[in-house]
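**Q** Pasting a predicted model and its sequence here:
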Amino acid sequence: MKRQGKKGPQAMQVNATLEEVTAAADGMSDKEFRIYMLQMIWSIKEDIKQQNQTMKDHFDNELRKQIQEAKDQLYREIEVIKNKQSEILEMQEAINQLKNSMENTTSRVEHLEDRTSDNEDKVFQLEKNIDSSARLLRNHEQNIQEIWDNIKRPNLRVIGIQEGTELQTKGMSSLFNEIIRENFPDLKNETESQILEAYRTPNVQNHKRSTPRHIIMKMPNIQNKERILKATRERKQITFRGKPIRITADLSTQTLKARRSWNNIFQTLKENGFQPRIVYPAKLSFRMENEIKTFHDKQKFKEFAARKPSLQNILAKVLQEEEMENNNENQQWEVGQ
Amino acid sequence: MKRQGKKGPQAMQVNATLEEVTAAADGMSDKEFRIYMLQMIWSIKEDIKQQNQTMKDHFDNELRKQIQEAKDQLYREIEVIKNKQSEILEMQEAINQLKNSMENTTSRVEHLEDRTSDNEDKVFQLEKNIDSSARLLRNHEQNIQEIWDNIKRPNLRVIGIQEGTELQTKGMSSLFNEIIRENFPDLKNETESQILEAYRTPNVQNHKRSTPRHIIMKMPNIQNKERILKATRERKQITFRGKPIRITADLSTQTLKARRSWNNIFQTLKENGFQPRIVYPAKLSFRMENEIKTFHDKQKFKEFAARKPSLQNILAKVLQEEEMENNNENQQWEVGQ
Amino acid sequence: MKRQGKKGPQAMQVNATLEEVTAAADGMSDKEFRIYMLQMIWSIKEDIKQQNQTMKDHFDNELRKQIQEAKDQLYREIEVIKNKQSEILEMQEAINQLKNSMENTTSRVEHLEDRTSDNEDKVFQLEKNIDSSARLLRNHEQNIQEIWDNIKRPNLRVIGIQEGTELQTKGMSSLFNEIIRENFPDLKNETESQILEAYRTPNVQNHKRSTPRHIIMKMPNIQNKERILKATRERKQITFRGKPIRITADLSTQTLKARRSWNNIFQTLKENGFQPRIVYPAKLSFRMENEIKTFHDKQKFKEFAARKPSLQNILAKVLQEEEMENNNENQQWEVGQ
């Protein structure tokens, strides 16, 4: 029986069906069944206790594990973020450096602005000064030219007398008298022995040049100089001991240049019967419409010519050529004797 | 009985109280009760199994759900942070761009500093050059003035002779002789026929002007010029063919200006009996304390006047007016004939 | 019995062993056991219900607690990150400020570059202008010097005549004649009474100076001036009323300076028998290798001397000293009478 009783509870397997359990219980005595019941209930209680523990363990483990997993996952994200954030420090340093550089640069720029303003002020002042200098220089230029012309006004320039001739004649005075006697016997009384001074120019002889230096002869007054020049213009040729020489007015470099600048226009006017003349010091004078027109300034002459078709036609080519030359050369103004 | 046995277990409802269950069991046979018990225990076991499963499911679901919720919540935060962090990249780019700009700007500033220094050096040099130019210009200015005065020193300036008169007299020389005979018969022997040259100034006649141009007459020496000027000052009026003319020294523009600058002071001194005179070229001379005082420079004269109460009183108004004029006009110095 | 039955279930404690429970059940009647069983099962059911609730509560609490803990932990991290991130805003502001500053600075730099270029252009133009001004100034300088020399060429400079002597002689003319008669009786016919003008220089007497001012005497022509100068050179001493005076050419300041600049070389050449002379206006002339060498320019002379060992030897010391003086003084060029 005991074996049988033992057999009953042992048959109450977990996977036993209710029918199998019921069949097993059929053969039990009351006492056996009671024990079986008590065993069953005790076993259920134990089961519950154990399963609770299992459940709790499972739960605790699972909870810990999954939270840990989630935390790990999130921490990895946070780690990434933190790594990224470490760059903020570098950036802050970079920004601070930039701020310093900017401050430094700004103060340099401010300093530069001050210096540049200063330069501008000074340049403006310099421009003003150089403008008034330029005005003064032009004024001096013209004054020096006029002074030279004034000084040279009583002078004659004699071209073509062999170097050394003045030694043979024992002085410039006799040389001058010889020229007068040979060319202008009528002026002998008024002009003979009248030169105040006479010299070769330039001062130093350049032996490489084959032509003799010019002789400047200073007359005591302008009338006599003019008389000789007038007589010179009236004669076909002036000679010294039979050889041709030239006698001209003695003009300043600048006046000569100004005279030469009329050359092309002068030539054209002459060819067209306007009877042009260069008037002292460097004016162009010509006959037109029964009047004598005189021009000191080429610009003024061009404006006048532009209003006169007869002039415009004959001068068109000459004036155009001059325009081109002027554009090619830098304007330069210098004076001299 | 079987119906009764069936009735018992069916009455063991979950919400049945212990009393109801006990009452239901009272009517059961042993066999019915045994089956009922076995059923009860089996059902409890099943319940436990099922409830465990339910609990586990609940737990798993809840765990997953809540962790997911927490993760979602945190991920949202992380997302916000990450979004924010994406700006770091932009900032780094911005910083790099700024660094480049800064480098670029710094090198431009350095280049500018070099160029500005260069400009400063050149401006300094220009200022030095223009200073020495200005010194030279003033020196030339004064030289040109002195040269003109020197050249003009033997000249007389005759004012008021009608244009063309020199054609009637057949030359300036006879015109000059006529003036001498009409006004200074005593000087006839020393000065007649002495002019070296004579011309109208300015060179070109301006037909719009009603007054005749002045005539410049060059004497062979200064003594004779001075004699004529002295005789002129001694006569009340100089005439040509009965009409009043004027004869003066021929002075450079600058000297004339310097002379004119004494006008107000001269007038005041004259009115107060100081017998002032303008001495060649442009000095103020007057009698005071039994001495002749001569001043070349207006500043020196003002300093002298400031120490002499008698002068200070009579000149106060004139000098004050001059001061104001000087402040209004820019100092300008130019020369000419 | 009831008490006994009551005693049984009460003995079924949780911690009672199966043997104790079995022993307790032995004494029960069927009815008591049935009730005991029902009570046991009901109690198990209640237990299960209660334990489930406990488990659920535990689980819910634990879950909530641990998730909260994890969240707190992570939120703390996130908080740290967020705090850090709040700096991003500041940095962005800083970057924006830097960008603005950079933009501002760049535009200032651009403006400065324009202004600096403008200054450079103007400075370049000014340099060009001042260069051509300097050329003109040098040209004017030389012209003014030449004009003065030209004007002064007929002049004699008489040094050492007591101030006021001209008042005793009643004029410069008689004073001049007295000098001629006393020193150059041979020139009496050609030169007496010939001076065109004569004056003391400087114009104003400086009473602090003990030496009398020089007298400038203008001859009507250069020949007579040259005759007197030649006669002066030939006499050991020139006197006026027995006291020594000097008669020299009247040269421009610049020419005098140029003449003086030859002094050391002139002296050395003289000591070594080269018969040096200063030729008008300021040239060095000397005899060498049976020729007369003439130099206008000191540089040219130095180059010539460098090629001639005989000159090189005697001039080495003098030229070296001049070199050093030139390095010490700033080149300065000014003209005057």
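**A** Right, received. Where do you want to start? Since we're looking at a predicted model, the values are computed, not measured.

**Q** Please count neighbours and contacts with C-alpha atoms only from this point.
**A** Fine.

**Q** Return the set of buried residues in stretch A:293-303.
**A** Buried residues in stretch A:293-303, counted by 16 or more other CA atoms under 10 Å in any protein chain shown: A:294-296, A:302.

**Q** pull the longest helix from chain A.
**A** helix A:30-152 (DSSP state H).

**Q** ok, how many other residues are close to the residue of chain A found nearest chain B?
**A** Residue of chain A nearest chain B, by CA to the nearest CA: A:N221 (4.6 Å). A:N221 has 22 neighbours, counted by other CA atoms under 10 Å in any protein chain shown.

**Q** Which phi and psi values does it adopt?
**A** phi -150, psi 170 (degrees, to the nearest 10).

**Q** what sits against it?
**A** A:154, B:196-197 (CA atoms under 8 Å, 6 or more residues apart in numbering or on different chains).

**Q** Check A:I180 too.
**A** Contacts of A:I180 (CA under 8 Å, 6+ apart): A:187-188, A:191-192.

**Q** ok, 10 Å please
**A** A:174, A:186-189, A:191-193, A:228, A:238-240 (CA atoms under 10 Å, 6 or more residues apart in numbering or on different chains).

**Q** Now rank the residues you listed by neighbours and give me the top one.
**A** Counting neighbours by other CA under 10 Å, the top entry in the contacts of A:I180 is A:I228, with 21 neighbours.

**Q** Now do the contacts for that one.
**A** A:156, A:180, A:183-184, A:187, A:191, A:222, A:234, A:247-249.

**Q** May I see these organised as a markdown table, with pLDDT added?
**A** Listed next are the contacts of A:I228 as a markdown table, based on pLDDT from 0 to 100:
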| residue | pLDDT |
| --- | --- |
| A:L156 | 93 |
| A:I180 | 91 |
| A:N183 | 93 |
| A:F184 | 91 |
| A:L187 | 86 |
| A:T191 | 73 |
| A:I222 | 82 |
| A:E234 | 91 |
| A:I247 | 94 |
| A:T248 | 92 |
| A:A249 | 91 |
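
**Q** So which of those is the closest to C:I215?
**A** A:I222 (28.7 Å; CA to CA).

**Q** Go ahead and confirm that closest one touches A:I195.
**A** No: because the distance of 11.6 Å does not satisfy CA atoms under 10 Å, A:I222 is recorded as not touching A:I195.

**Q** what about the two, which has more around it?
**A** Taking other CA under 10 Å, A:I222 and A:I195 do not tie; A:I195 has more neighbours (25 against 19).

**Q** Low-confidence ranges, chain A, go.
**A** Where chain A drops to pLDDT under 70, the residues are A:1-16, A:327-337.

**Q** give me the residue from it nearest chain C.
**A** A:L196 (4.6 Å).

**Q** what sits against that residue?
**A** Neighbours of A:L196 in contact, by CA under 10 Å, 6+ apart: A:154-155, A:173, A:217-221, C:154, C:219-224.

**Q** quick one: which of these is most hemmed in?
**A** A:N155 (27 neighbours).

**Q** contacting residues for that residue?
**A** A:149, A:195-198, A:215-222, A:225-226, A:248-251.

**Q** so how far is B:K230 from A:I41?
**A** Distance, A:I41 to B:K230, by CA to CA, to the nearest Å: 168 Å.

**Q** More neighbours: which of those two?
**A** Higher neighbour count among A:I41 and B:K230: A:I41, with 20 against 11, using other CA under 10 Å.

**Q** Dump the contacts of A:N221 into TSV; add secondary structure and distance to B:I81 as well.
**A** Shown next, in TSV, are the contacts of A:N221 (DSSP: H, G, I helix; E, B strand; the rest coil; distance: CA to CA, whole Å):
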residue	secondary structure	distance to B:I81
A:P154	coil	105
B:L196	coil	109
B:E197	strand	107
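
**Q** What is the nearest of the residues you listed to C:R76?
**A** When the contacts of A:N221 are compared against C:R76 (criterion: CA to CA), the nearest one is A:P154, at 113.4 Å.

**Q** The closest one contacts A:A198, correct?
**A** No: between A:P154 and A:A198 there is no contact under CA under 10 Å: 11.6 Å.

**Q** So for the two, which residues contact both of them?
**A** The contact lists of A:P154 and A:A198 share A:217-219, where a contact means CA under 10 Å, 6+ apart.

**Q** near chain B, which of these show up?
**A** Contacts with chain B within the shared contacts of A:P154 and A:A198, as defined by CA under 10 Å from any CA of the partner chain: A:M219.

**Q** What is the neighbour count of A:I130?
**A** By other CA under 10 Å, the burial measure for A:I130, its neighbour count, is 21.

**Q** from the contacts of A:L196, which ones fall inside strands?
**A** The strands, defined by DSSP state E, take in A:155, A:217-218 from the contacts of A:L196.

**Q** Specify the local secondary structure of A:L284.
**A** strand (DSSP: H, G, I helix; E, B strand; the rest coil).

**Q** Can you name the residues that contact it?
**A** A:259, A:262-263, A:265-266, A:276-278, A:293-298, A:301.

**Q** In helices, which of these appear?
**A** Per DSSP H, the contacts of A:L284 map to helices at A:259, A:263, A:265-266, A:298, A:301.

**Q** between the residues you listed, which is nearest B:T255?
**A** Using CA to CA, the ones in helices among the contacts of A:L284 come closest to B:T255 at A:R259, 30.9 Å.

**Q** Looks like the closest one contacts A:S285 (just checking).
**A** No: between A:R259 and A:S285 there is no contact under CA under 10 Å: 11.6 Å.

**Q** and for these two, which residues touch both?
**A** A:266, A:278-279.

**Q** out of those, who has the most neighbours?
**A** For these, neighbours tallied by other CA under 10 Å; top is A:F266, 21 neighbours.

**Q** Does that residue touch A:Q275 like I think?
**A** Yes: if you go by CA under 10 Å, A:F266 and A:Q275 touch, sitting 8.9 Å apart.
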